[in-house]
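**Student:** coordinates for the following, if possible.
(chains A, B, C and D, ligands or ions: 2)
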There are 2 protein chains.
Amino acid sequence: MINPKVIERLILYRRSLLMDGEARSGQIYSHEMAVLAGVSAPQVRRDVMAIGYSGSPITGYDRQALLRALGEMIDPPEPESVALVGVGDIGRGILHYFQGRRPRLAIAALFDKDPDKVNRVIHGCRSYPVEEIARVVPSLKIRVAIISVPGFAAQDVADRLVNAGVRGILNYAPIRLKLPEGIYIENRDVILSLEKIAYFARQT
Amino acid sequence: MINPKVIERLILYRRSLLMDGEARSGQIYSHEMAVLAGVSAPQVRRDVMAIGYSGSPITGYDRQALLRALGEMIDPPEPESVALVGVGDIGRGILHYFQGRRPRLAIAALFDKDPDKVNRVIHGCRSYPVEEIARVVPSLKIRVAIISVPGFAAQDVADRLVNAGVRGILNYAPIRLKLPEGIYIENRDVILSLEKIAYFARQT
DNA sequence: AGGATTTTGTTCTTTATTTCACAAAAAATC
DNA sequence: GATTTTTTGTGAAATAAAGAACAAAATCCT
Ligand SMILES: NC(=O)c1ccc[n+]([C@@H]2O[C@H](COP(=O)([O-])OP(=O)(O)OC[C@H]3O[C@@H](n4cnc5c(N)ncnc54)[C@H](O)[C@@H]3O)[C@@H](O)[C@H]2O)c1
Ligand SMILES: NC(=O)c1ccc[n+]([C@@H]2O[C@H](COP(=O)([O-])OP(=O)(O)OC[C@H]3O[C@@H](n4cnc5c(N)ncnc54)[C@H](O)[C@@H]3O)[C@@H](O)[C@H]2O)c1
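**Tutor:** Ligands and ions are numbered 1, 2, ... in the order given. Take a look at the predicted model:
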């Protein structure tokens, strides 16, 4: 298994390749990829090595082949569904932005406590009461979830999700969730980020 | 200067202390803090050492004194203003959530290209056309900014901000900004995060 | 008062990550 | 066809981060 930092860069490389103007085919050098992704060239080569793809000296990497190799590592073998819990401002923002961006990864179920936000279709996505997590998540084979509920509700929601089979969580609530071993979690909190950035911004 | 990982944990310690129920005063041990923040106890002690505060054997750390020491490191000496560029779904979500949460850190100016979103007051915050960045940012002494514009506009916005004096950026646009040395940047992209999480979630 | 106990501060190890540097390979040139 | 050039793949070195361990300190208990 590949480690988180490497995976993150691999995803970045793919995006850089896809966004790099017209040039979808032809060759590309590690140092060119390095510039696109904002990392060093040896780093690129080592990371590419990790997915088993080989370039060739002088001509570098074949864009198509590299993209294919990256896709095989990054993309789920078959389409995968994501759950989003907490259809508030930030939840809807994410839903709106994310939907349709990745072919094999889509938000497939929404959950909320508010009766007004439940049993509806929002951005083409069905919403359910949180109590239905235990039923809906397994039935859609969901393993990835986004939590965007207020802090006080996040631990309860996380427990429900994990019990229903979720193995990876993107958490926007400002608390540190206690989860069993083996659940992959990533925390995203604006306040923490801004305090950090402000600290470095003032160390002139 | 303290490194980013340490600062992030210090911020986390403070939040954990503030959120830890009623117990605002009295003592706390490094291993208790470790549990609250989800890190190891030696890590806590090492980090606390970095801010120059000392606990005492047996009684541990004094909560009040530790909070004060953390605040001195984390908080800006005087109130600091943040700019937010791109008052769309995600921008408004952040504004709504962030405003009023931190005493010395507040979003003080909004910028957008859309004439309908400009020269208004949104969540108690004045909005300006992007062209005004060069004037407003220096006049408010803003050094921290949030970018939540579409990807294609992000580099231009970043350049304007940096030219106007911004030293730290929280970037929600899905591109890697090219910035001069010394500008602190943090990227936040849901798509990248979810692809990463999905990868680990399926490595059962 | 003195020993037992517990926790901090800090050094020393270990582990992880990145960069350096260069041999091997392949295309281009003469 | 030999030589030059350039780039990959990767071992070795450097750097960074985390953990283990323990002496010194301070409270508690007898
Ligand atoms: N990291 C970030 O960038 C960021 C930004 C904004 C907000 N947030 C966090 O996300 C949370 C949501 O923010 P928001 O601005 O969207 O708030 P919001 O109030 O607009 O939305 C919260 C939603 O969660 C629902 N909810 C509440 N309790 C629930 C429960 N137990 N189960 C299911 N749903 C429940 C509410 O009905 C509401 O729809 C905030 O508490 C904040 O912690 C994070
Ligand atoms: N990281 C995340 O979690 C996340 C989530 C959603 C969106 N996003 C990113 O943030 C961006 C904004 O997302 P959104 O859903 O709010 O989109 P949106 O279209 O609702 O908002 C974009 C805003 O930016 C403004 N804008 C466009 N060009 C501009 C320019 N040159 N200068 C100033 N303002 C400009 C628009 O007028 C609009 O108000 C998206 O492109 C996406 O890349 C990130």
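
**Student:** domain ranges for chain A?
**Tutor:** A:4-74, A:80-193 (automatic domain parsing).

**Student:** adding distance to B:S127, mean neighbour count and mean pLDDT, write those out as TSV.
**Tutor:** Using the backbone N, CA and C atoms, a C-beta is placed for each residue, glycine as well. As requested, the domains of chain A are exported to TSV (distance: least, CB to CB, whole Å; neighbours: other CB atoms under 10 Å in any protein chain shown; pLDDT from 0 to 100):
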stretch	distance to B:S127	mean neighbour count	mean pLDDT
domain A:4-74	29	16	95
domain A:80-193	17	18	97
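
**Student:** any residue of stretch A:104-118 touching ligand 2?
**Tutor:** No. Using CB under 6 Å from any ligand atom, stretch A:104-118 never reaches ligand 2; the gap is at least 12.1 Å.

**Student:** near chain B, anything from that stretch?
**Tutor:** Yes. Using CB under 8 Å from any CB of the partner chain, we find that stretch A:104-118 touches chain B at A:L105.

**Student:** what's the offset of that stretch from the middle of its chain?
**Tutor:** With CA atoms, centre = their mean, to the nearest Å as the basis, stretch A:104-118 stands 17 Å off its chain's centre.

**Student:** and stretch A:10-23, by the same measure?
**Tutor:** 16 Å.

**Student:** how about residues contacting that stretch?
**Tutor:** A:2, A:24, A:28, A:33, A:36-37, A:39, A:44, A:47-48, A:50-51, A:63, A:66-67, A:70-71, A:73-74, B:174-176, B:192, B:195-196 (CB atoms under 8 Å, 6 or more residues apart in numbering or on different chains).

**Student:** which ones, among these, also lie beside DNA strand D?
**Tutor:** The residues of the contacts of stretch A:10-23 that also fall near DNA strand D, by CB under 7 Å from any atom of the strand, are A:V48.

**Student:** could I get the domains of chain A as TSV with distance to B:L105?
**Tutor:** What follows is the domains of chain A, written out as TSV (distance: least, CB to CB, whole Å):
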stretch	distance to B:L105
domain A:4-74	27
domain A:80-193	8
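
**Student:** now check the longest helix seen in chain A, is it near DNA strand C?
**Tutor:** Scanning chain A for the longest helix, with DSSP state H as the assignment, gives helix A:4-19. Yes. Counting by CB under 7 Å from any atom of the strand, DNA strand C is contacted by helix A:4-19 at A:4-6.

**Student:** stretch A:185-200 too?
**Tutor:** No. Using CB under 7 Å from any atom of the strand, stretch A:185-200 stays clear of DNA strand C, coming no nearer than 14.5 Å.

**Student:** export only the CA atoms of that stretch, formatted as PDB.
**Tutor:** Taking C-alpha atoms only, stretch A:185-200 is exported to PDB below (Å, rounded to 0.1, in the frame of the first residue of the first chain):
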ATOM      1  CA  ILE A 185      -9.800  10.400   8.600                       C
ATOM      2  CA  GLU A 186      -8.900  13.800   7.300                       C
ATOM      3  CA  ASN A 187      -9.900  17.000   9.200                       C
ATOM      4  CA  ARG A 188     -10.700  20.200   7.400                       C
ATOM      5  CA  ASP A 189     -11.200  23.200   9.600                       C
ATOM      6  CA  VAL A 190     -11.000  26.800   8.400                       C
ATOM      7  CA  ILE A 191     -10.500  28.300  11.800                       C
ATOM      8  CA  LEU A 192      -7.500  26.100  12.500                       C
ATOM      9  CA  SER A 193      -6.100  26.700   9.000                       C
ATOM     10  CA  LEU A 194      -6.500  30.400   9.300                       C
ATOM     11  CA  GLU A 195      -4.900  30.600  12.700                       C
ATOM     12  CA  LYS A 196      -1.900  28.700  11.300                       C
ATOM     13  CA  ILE A 197      -1.700  30.800   8.100                       C
ATOM     14  CA  ALA A 198      -2.000  34.000  10.200                       C
ATOM     15  CA  TYR A 199       0.900  32.900  12.300                       C
ATOM     16  CA  PHE A 200       3.200  32.400   9.400                       C
END
